[in-house]
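Student: after the sequence you'll find the predicted model.
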Amino acid sequence: MTKDLMENRKEDFLKHLGQTNPFPYLIDVESAEGIFIYDKSGKRYTDMISGVSVTNIGNRHPQVIKRIQEQLDKYLHVMVYGEFIQDSSLEMARLLRKFLPKELDCVYPVNSGTEANEAALKLVKRVTGRTQLISFKGSYHGNTHGSLSVSANEIKKIAFRPLLPDVDFIRLNELKDLQRITKRTAGVILETVQGDAGVRKASTEFLQALRKRCDEVGALLIFDEIQCGMGRTGKMFAFEHSGVIPDVLTLGKALGGGLPIGAFISKYEYMNELSHSPMLGHITTFGGNPVINAAAWGTLEVFDTEINFREVERLGALLESYLQEIDEIFEIRREGMMFACDMESNERVAKVVEKLLEYGVISFWFLSHPYSFRLSPPLNITEEQIHEVGKLIQQAVHETK
């Protein structure tokens with residue numbers, strides 16, 4: 001590709017496609033396979049963030065491609081969600097339930113994680129007949145109006161107010177704050193491991209007390225595992241580490257194996273409330289799309305047969321050992337293969353991230369925690385690849401001093 005053509009493509013991207021920030025990476029992607037992304041010049045990048053926890057099983061896993069292709073050979077779309085019986089929906093939900101506690105037996109597929117959270121907020125209001133929602137400082141639940149309303153970063157919210165009323169924020173792992181959950185509260189929404197805040201885990205003690213408080217006052221508990229679920233923390237779902245079961249679980253990101261999906265999950269008695277009084281309590285045209293659900297079906301098959309969660313933890317600890325040798329990283333927060341690495345400033349983080357990009361390693365930062373860099377490699381990364389990347393991170397920090 002000529003230099004002029006590359007510049008034209010960059011200009012088209014920047015001027016004629018909506019932008020999310022002033023400083024995009026601008027990798028001109030040609031293909032992706034496994035943990036690697038290739039640009040149009042042939043340069044190979046090791047994706048150490050999995051598309052921000054989306055490609056947890058790597059790009060184009062053969063089982064995902066197989067299920068997609070089988071569905072493509074049948075049909076793409078036949079009806080809005082909820083009217084027709086379709087193989088891929090049934091098989092995706094059947095296999096997902098295999099990983100879940102018996103209390104969470106009803107799956108509603110939607111288009112994205114933020115839609116899953118929107119629907120979950122509606123569900124807890126519908127079931128309880130209450131209006132108050134409680135979230136947590138440091139939280140991020142999405143960017144549509146309802147999800148933004150229960151996200152904590154005011155800088156990201158202020159331009160879009162007014163948002164949902166009757167939303168309160170309490171502190172993570174502060175037991176005394178749980179008293180602010182009352183009989184006015186419809187639902188409490190919590191990331192079991194806060195992602196955007198820089199990998200902040202809810203303690204088992206706190207989750208147990210939170211579950212008890214919700215039960216006492218009749219509030220429903222929503223766990224948002226859109227980022228920390230699907231094997232990321234060394235178990236299929238992060239709540240398994242504590243044994244605390246939510247009333248509603250929301251998923252997205254990695255569930256689709258690289259295709260866009262979300263899901264909210266609860267018990268049948270609660271979910272059925274959305275089917276009447278009024279009907280269409282939640283409705284989505286493309287949620288449950290057969291091709292997308294086929295991709296999720298294939299993804300869940302991979303988790304069922306190939307992903308070793310003990311290996312996720314072992315290799316996560318191996319990568320952490322390389323990071324621990326870097327003096328400038330003054331704190332590492334890790335859950336499985338979900339990392340936040342704190343440095344002295346966002347400028348220092350930016351230099352390291354940029355240098356890694358030169359080396360062909362994709363890392364990233366956090367929206368609300370800019371003095372950390374983010375790592376969340378595919379869960380099927382090899383030990384050899386961990387060693388290679390660990391050394392490159394050490395080198396990048398050293399060379400940018």
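Tutor: Thanks, I have the structure now.
Student: next one: Gly34 from Arg232, what distance?
Tutor: As defined by Cβ to Cβ, to the nearest Å, Gly34 lies at a distance of 18 Å from Arg232. The way it works is simple: take the backbone N, C-alpha and C, and place the C-beta from them, glycine included.
Student: which of the two has more neighbours?
Tutor: Between Gly34 and Arg232, Arg232 has the larger neighbour count (other Cβ atoms under 10 Å), namely 27 against 18.
Student: got a list of what the closest residue to the more buried one other than its chain neighbours touches?
Tutor: Spatial nearest neighbour of Arg232, chain neighbours left out: Met338 (5.0 Å); criterion: Cβ to Cβ, 6 or more residues apart in numbering. Met338 is in contact with Ser53, Val193, Gly195, Val199, Gln227, Cys228, Arg232, Thr233, Gly316, Ser376, counting by Cβ atoms under 8 Å, 6 or more residues apart in numbering.
Student: hmm, Ile226 and the second one touching each other?
Tutor: No - the pair Val193 and Ile226 does not pass the contact test of Cβ atoms under 8 Å, sitting 10.9 Å apart.
Student: more neighbours, those two?
Tutor: Ile226 (28 against 24).
Student: host element of that one?
Tutor: Assessed by DSSP states H and E, Ile226 sits outside every helix and strand.
Student: quick check: it vs His61, distance?
Tutor: Counting by Cβ to Cβ - Ile226 and His61 are separated by 20 Å.
Student: can you pull the contacts of the residue nearest the centre of the chain?
Tutor: Compute the mean C-alpha point of the chain, and by Cα atoms, centre = their mean the closest residue is Gln227, 2.1 Å away. Going by Cβ under 8 Å, 6+ apart, Gln227 touches Val52, Ser53, Gly113, Glu191, Val193, Gly195, Lys253, Met338.
Student: how about the helices in the chain?
Tutor: Assignment of helices within the chain using DSSP state H yields the ranges 3-16, 50-53, 62-72, 87-98, 113-128, 145-149, 154-157, 204-217, 268-271, 290-305, 309-324, 346-359, 383-399.
Student: let's have these in a markdown table, adding distance to Tyr25.
Tutor: Formatted as a markdown table, the helices of the chain follow (distance: least, Cβ to Cβ, whole Å):
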| stretch | distance to Tyr25 |
| --- | --- |
| helix 3-16 | 11 |
| helix 50-53 | 12 |
| helix 62-72 | 24 |
| helix 87-98 | 32 |
| helix 113-128 | 21 |
| helix 145-149 | 24 |
| helix 154-157 | 20 |
| helix 204-217 | 36 |
| helix 268-271 | 39 |
| helix 290-305 | 25 |
| helix 309-324 | 22 |
| helix 346-359 | 7 |
| helix 383-399 | 16 |
